[in-house]
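Enquirer: predicted model follows, preceded by the sequence.
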There are 2 protein chains.
Amino acid sequence: MSDHVSGKWLQRAGLAQRTGCNLETIRYYEKIGVMPDPPRTASGHRIYDDSHLARLRFILRARELGFAIEQIRGLLDLVAGGTQTCAEVKERTERHLADVRAKIADLRRIEKVLASTAAQCSGDEVPECPVLKALAS
Amino acid sequence: MSDHVSGKWLQRAGLAQRTGCNLETIRYYEKIGVMPDPPRTASGHRIYDDSHLARLRFILRARELGFAIEQIRGLLDLVAGGTQTCAEVKERTERHLADVRAKIADLRRIEKVLASTAAQCSGDEVPECPVLKALAS
DNA sequence: CTACAGTCTGTAGCAGCTACAGGCTCAAGA
DNA sequence: TCTTGAGCCTGTAGCTGCTACAGACTGTAG
């Protein structure tokens, strides 16, 4: 089973290599159903084509943008059903954007506290420490 | 077993209530060893005192600031061993701060991509969508 | 004495992977 | 032709930090 049939089909390692996805992650995506169960060779080896490649890339891009798997599944279902509209997708994107902004706000609050507390540290070899004091208070 | 012996000792629910910690989380912290195995009544009910209260508050504050459990365990070990120095704690805090800042940077990158892509959406009831295009590209 | 709130234990589930072990298959070299 | 080794297969366990449940027991108030 040569992997060199250019642009025709791939095995798992080929798909992983072309997408940068971890080998096991592909199987995981199939198991949870965001990637379809692929066809197999007689001996059970998975066979992927360009449609799998495209779908996996979609998933990976969405994950990079912080979309949860269930949100991605939703987007894929919309497209698969042909029922997607820009209005709907925009709304989902903006909901996710709001989540991202909330996380940023949370982290910035944390950053401020950490930075200002650490700034009070002498950094000396003494047991007293403003950070510990803040945590213990 | 009355819970009203003021300021002397507490049961699990009392500790939870005073710290805002979830009941089950306390047991979890004991299981993983960041909280000590508390003494028990004859019938096996946990008994907590002010030292447990203080330790749990320390843990919860540190968690709020995003410290991982293992980092918190490390800080608590330092203090318990009496070997803590401001220098050491400051260094650990700044390492964590760097992690937090890296996460913020990551989320801001995501935020920018999401915002700018969503801004290109017409928001109309049409199947074409810049967000989907960006994910599929 | 009974009802009910509270506690006890172990275990499973969440997200999103990642990494094994143990067995099979396939192609290339000797 | 046989062997070697890479690659594939499966199921399952582990990671972080909880949270929730079931089923049994205990302790107290009426």
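Expert: Everything's here; your move. Owing to the predicted nature of the structure, the values given are computational and were not obtained by experimental measurement. Numbering: from 1, shown residues only, chains lettered A, B, ... in the order given.
Enquirer: please count neighbours and contacts with C-alpha atoms only from this point.
Expert: Noted.
Enquirer: quick one, domains of chain A?
Expert: As given by automatic domain parsing, the domain ranges for chain A are A:1-67, A:85-137.
Enquirer: which among those domains is found nearest to residue B:69?
Expert: In terms of C-alpha to C-alpha, the element of the domains of chain A nearest to residue B:69 is domain A:85-137, at 14.0 Å.
Enquirer: stretch A:49-56: which residues count as buried?
Expert: By neighbour count on 16 or more other C-alpha atoms under 10 Å in any protein chain shown, the buried set for stretch A:49-56 is A:52-53, A:55-56.
Enquirer: just the CA atoms of that stretch, as PDB, please.
Expert: Only the C-alpha atoms of stretch A:49-56 are listed here, as PDB (Å, rounded to 0.1, in the frame of the first residue of the first chain):
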ATOM      1  CA  ASP A  49      -9.500  11.500   0.600                       C
ATOM      2  CA  ASP A  50      -9.700  15.300   0.100                       C
ATOM      3  CA  SER A  51     -13.000  15.700   1.800                       C
ATOM      4  CA  HIS A  52     -11.500  14.300   5.000                       C
ATOM      5  CA  LEU A  53      -8.500  16.500   4.600                       C
ATOM      6  CA  ALA A  54     -10.800  19.600   4.200                       C
ATOM      7  CA  ARG A  55     -13.000  18.700   7.100                       C
ATOM      8  CA  LEU A  56     -10.100  18.000   9.400                       C
END
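Enquirer: so what's the residue nearest in space to the middle of chain A scoring on pLDDT?
Expert: In chain A, the C-alpha nearest the mean C-alpha coordinate belongs to residue A:63, at 2.5 Å (C-alpha atoms, centre = their mean). The per-residue pLDDT reported for residue A:63 equals 98.
Enquirer: please apply the same query to residue A:18.
Expert: pLDDT, residue A:18: 95.
Enquirer: burial measure for residue A:65, as a count.
Expert: 21 (other C-alpha atoms under 10 Å in any protein chain shown).
Enquirer: residues touching it, list them.
Expert: B:110, B:113-114 (C-alpha atoms under 8 Å, 6 or more residues apart in numbering or on different chains).
Enquirer: nearest to DNA strand C, of these?
Expert: DNA strand C lies nearest to residue B:110 out of the contacts of residue A:65, by C-alpha to the nearest atom of the strand, at 14.7 Å.
Enquirer: residue ranges with poor pLDDT in chain A?
Expert: Applying pLDDT under 70 to chain A picks out residues A:1-7.
Enquirer: which parts of chain A sit against DNA strand C?
Expert: Applying C-alpha under 7 Å from any atom of the strand, one finds that chain A approaches DNA strand C through A:1-2, A:21-22, A:24-25, A:27-28, A:41-43, A:63, A:67-70.
Enquirer: can you get me a residue count around the residue nearest to residue A:35 when sequence neighbours are not counted?
Expert: The shortest distance from residue A:35 to any non-neighbouring residue, by C-alpha to C-alpha, 6 or more residues apart in numbering or on different chains, is to residue A:29 (5.3 Å). Applying other C-alpha under 10 Å, we find 16 residues neighbouring residue A:29.
Enquirer: I'd say residue A:29 and residue A:37 touch.
Expert: No: using C-alpha atoms under 8 Å, residue A:29 makes no contact with residue A:37, being 9.4 Å away.
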